[in-house]
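A.B. asks: Sequence first, then the predicted structure, then my questions.
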Amino acid sequence: MSYGNDIKKLAELSKIHFTLEELKEMEKDMASIMTLMDSIKTADIPQLQEIPLPDGMKNLREDAAEVKSSPKASDSQEEDSPPQTFTIPRIVE
Amino acid sequence: MSIIEQRQLLDRREISAIELTRSYLERIEEHSGLEAFLHVNNACEAAAAKAQARIDSGESLAFTGIPVGLKDNLCTFDMPTTCASKMLKGYIPPYDATVVAKLRSQDAVFLGKLNMDEFAMGATTTTSYYKKTRNPFDPNRVPGGSSGGSAAAVSAGLCSAALGSDTGGSIRQPASFCGITGMRPTYGMVSRYGCVAFASSLDQVGPLGLSAKDCAQLLAAVAGADGHDQTSQHSTGLFAERSSAGMADDFMNSRYEQFPEKAPEIHLGVVKELLGESVEPETRQAVLNAAEWYRNAGCQVSEISIPILEHAVPAYYLISSAEASANLSRFDGVRYGHRINKPSSYEDLVEKSRAEGFGWEVKRRILLGSYALCSGYYDDYYIKATRLANALRSEYSRLFETYDAILSPASPMAAFAFDAVPEDPAQLYLADICTVGAALAGLPSLSTPCGLTSDGLPIGLMMTGSRWSDSKILCLADAFERSFKRPAPKINAS
């Protein structure tokens, strides 16, 4: 398995800037690390099947890096808010 | 000199807290080449004077005037807390960690903050951004990690005892490398509030000392439920309902203290998988000799097998790195830590601040954690790792129906040279095989010296007990320590 594209995607998700040289070095490190991590796939212990998945782990959001509050959005909030405060939506009536 | 002996000297006015503190400051200066401290507290003499006033008033507690060192991931409002990272250079938290506050309330004297692997990620203390701590037994060798500064300082007599943190072995392995006793308490026994988070389901603060008794004293002072940490609990064991001063009584009244008489009731298991070919022969022999000592003392000692331990290292790294990737997302150049100059955008600010602020090992762990949590790989890695950790807990629970404690080495090898640190990160990760099992299961586990290699390097015996049996394994270790002379370091790194 090649981790090249994965490393670039992971760097984006992790919000860490890497130079091209650093990406290559990290790819080499991660290849070695993932060989070790992949060994967990061979774990075939009867108890594993007996442990149910927690409910909260069944519905996961899509993996994507996103900016949830931009400075622009913050500015627009500030226009309607008293100084040093933000207005947040009412979520409980 | 033990903490109890120092307490007696202080309370009898045979030495003052200021004199005791100065003697440690002189040693810290004398052995500055060990590079154990990241920050020496310039206010500790004033703290000692305050402690002395309390002693003079006849109101001293167990740690009043006792000089203690703190791992640099424990928040202190009056000293920097950097986690040995450029990211937190110069950061002074606005509050004390609960463990620090508890010791401060007793007027313990904080000598300073101790070096560590960056954000507690490592087993050598070489990932620190600031300095490389040396092993007091051989300055060309690592002290272990991540609590390497804490272990080296205690071993070299630069503080009476120290606090560290153990996520996957970060107290026990350096204690083993530096010839001292170090303990990871039951998960939940000690508050994590103010311990900068690495992997929240695994992190645990614990003591490092010259003996099991010193560790017991320090553990008693910092243990207990804390409203700031919902995972902390009051012990159901011997530590329950006790004041810190009463800890020594708990310890002395334990049936394990009456060791020679009660030994036949004690069942010990020696883990077959942790004495295999990957373990250095001298380490294996020292652990087997220690097991033989318990057998000769009357204990029932048997070989046990935990086959699932084969997968404990990848399970540990997947879970801890997944949690680290989330915990360290707070270091974004906005809310905390290092920030680049003149960013071109918000994304540029965050990505480059993190690139500059974090070291290589931290970046590797964050990427590994992000990988384990990716939707395409989540089931294969993170979920499987958590299921394996659950299975490991079940296996340990089954074993503790029969056994009082489980014995193994704390590390497959003694301290290695700086130039022998493996370049392949996976090779270094595999060296955690002895310690990660107890961490994943949330069990109390300690390392105590049990031998020396032909090179004069300490070997650690690891003892793991069931949840809340912290006092039991401390007492078992104490019994062994009373028959085994603790190795003294050469401390030639000044």
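C.D. replies: Structure received.

A.B. asks: Can I take it that B:Leu208 is in a strand?
C.D. replies: Yes - counting by DSSP: H, G, I helix; E, B strand; the rest coil, B:Leu208 is located in a strand.

A.B. asks: so it bridges to which residues?
C.D. replies: Bridge pairing for B:Leu208 (DSSP bridges) gives the partners B:Ala162, B:Gly182.

A.B. asks: hang on, it packs against B:Ser150?
C.D. replies: Yes - under the criterion of Cβ atoms under 8 Å, B:Leu208 makes contact with B:Ser150 at 5.0 Å. The way it works is simple: take the backbone N, C-alpha and C, and place the C-beta from them, glycine included.

A.B. asks: which residues do those two both contact?
C.D. replies: Contact with both B:Leu208 and B:Ser150 is made by residues B:162-164, B:171, B:174, B:182, according to Cβ atoms under 8 Å, 6 or more residues apart in numbering or on different chains.

A.B. asks: Can you tell me which of the residues you listed has the most neighbours?
C.D. replies: B:Pro174 (39 neighbours; other Cβ atoms under 10 Å in any protein chain shown).

A.B. asks: can you pull the contacts of that residue?
C.D. replies: Taking Cβ under 8 Å, 6+ apart as the contact definition, B:Pro174 lies against B:125, B:143-148, B:150-152, B:164, B:182, B:208.

A.B. asks: can these go into JSON lines with extra columns for pLDDT?
C.D. replies: Output for the contacts of B:Pro174, formatted as JSON lines (pLDDT from 0 to 100):
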{"residue": "B:Thr125", "pLDDT": "97"}
{"residue": "B:Pro143", "pLDDT": "98"}
{"residue": "B:Gly144", "pLDDT": "98"}
{"residue": "B:Gly145", "pLDDT": "95"}
{"residue": "B:Ser146", "pLDDT": "97"}
{"residue": "B:Ser147", "pLDDT": "98"}
{"residue": "B:Gly148", "pLDDT": "98"}
{"residue": "B:Ser150", "pLDDT": "98"}
{"residue": "B:Ala151", "pLDDT": "98"}
{"residue": "B:Ala152", "pLDDT": "98"}
{"residue": "B:Gly164", "pLDDT": "98"}
{"residue": "B:Gly182", "pLDDT": "98"}
{"residue": "B:Leu208", "pLDDT": "98"}
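
A.B. asks: For the stretch 251-400 of chain B, give me the ranges with low pLDDT.
C.D. replies: Counting by pLDDT under 70, the ranges of the stretch 251-400 of chain B that qualify are B:251-260.

A.B. asks: Try it again at 50.
C.D. replies: Along the stretch 251-400 of chain B, the model assigns pLDDT under 50 to residues B:252, B:255.

A.B. asks: ok so, going back, would you point out the most distant pair within the shared contacts of B:Leu208 and B:Ser150?
C.D. replies: Taking Cβ to Cβ as the measure, these span a maximum distance of 12.8 Å, between B:Leu163 and B:Pro174.

A.B. asks: Which neighbours do those two have in common?
C.D. replies: Residues touching both B:Leu163 and B:Pro174 (Cβ under 8 Å, 6+ apart) are B:150, B:208.

A.B. asks: Can you name every helix or strand that the one helix or strand B:Ser23 maps to contacts?
C.D. replies: Assigning secondary structure by DSSP states H and E places B:Ser23 in helix B:17-30. Contacts defined by 3 or more Cβ pairs under 8 Å, 6 or more residues apart in numbering or on different chains; DSSP states H and E place helix B:17-30 against helix B:3-11, strand B:37-40, helix B:44-56, strand B:67-71, strand B:109-114.

A.B. asks: of all those, which lies closest to chain A?
C.D. replies: strand B:37-40 (24.2 Å; Cβ to the nearest Cβ).

A.B. asks: Just the CA atoms of the closest one, as PDB, please.
C.D. replies: Below are the C-alpha coordinates for strand B:37-40, written out as PDB (Å, rounded to 0.1, in the frame of the first residue of the first chain):
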ATOM      1  CA  PHE B  37      15.600  20.400  34.700                       C
ATOM      2  CA  LEU B  38      14.000  22.700  32.200                       C
ATOM      3  CA  HIS B  39      13.300  25.400  34.700                       C
ATOM      4  CA  VAL B  40      14.700  25.700  38.300                       C
END
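
A.B. asks: So what are the sheet partners of it and their directions?
C.D. replies: Paired neighbours of strand B:37-40 in the sheet (DSSP bridges): strand B:109-114 (antiparallel).

A.B. asks: chain center to the strand it pairs with, what's the gap?
C.D. replies: Here strand B:109-114 is found 16 Å from its chain centre; the criterion is Cα atoms, centre = their mean, to the nearest Å.

A.B. asks: Name the next helix or strand following that strand along the chain.
C.D. replies: As assigned by DSSP H and E, the chain's next helix or strand after strand B:109-114 is helix B:148-155.

A.B. asks: who's in contact with B:Gly168?
C.D. replies: Applying Cβ under 8 Å, 6+ apart to B:Gly168 gives the contacts B:202, B:316, B:320, B:432, B:435-436, B:439.

A.B. asks: What segments of the stretch 251-400 of chain B are strands?
C.D. replies: Remark: strands assigned in the stretch 251-400 of chain B by DSSP state E, counting those that start in this stretch are B:267-271, B:300-304.

A.B. asks: Within the sheet, what are the partner strands of the last one, with directions?
C.D. replies: Yep, that's strand B:300-304 we're talking about. Going by DSSP bridges, the partners of strand B:300-304 are strand B:267-271 (parallel).

A.B. asks: Can you pull out the residues in contact with the partner strand?
C.D. replies: Defining contact as Cβ under 8 Å, 6+ apart, one finds that strand B:267-271 is touched by B:287-288, B:291, B:294, B:299-306, B:309, B:399, B:402-408.
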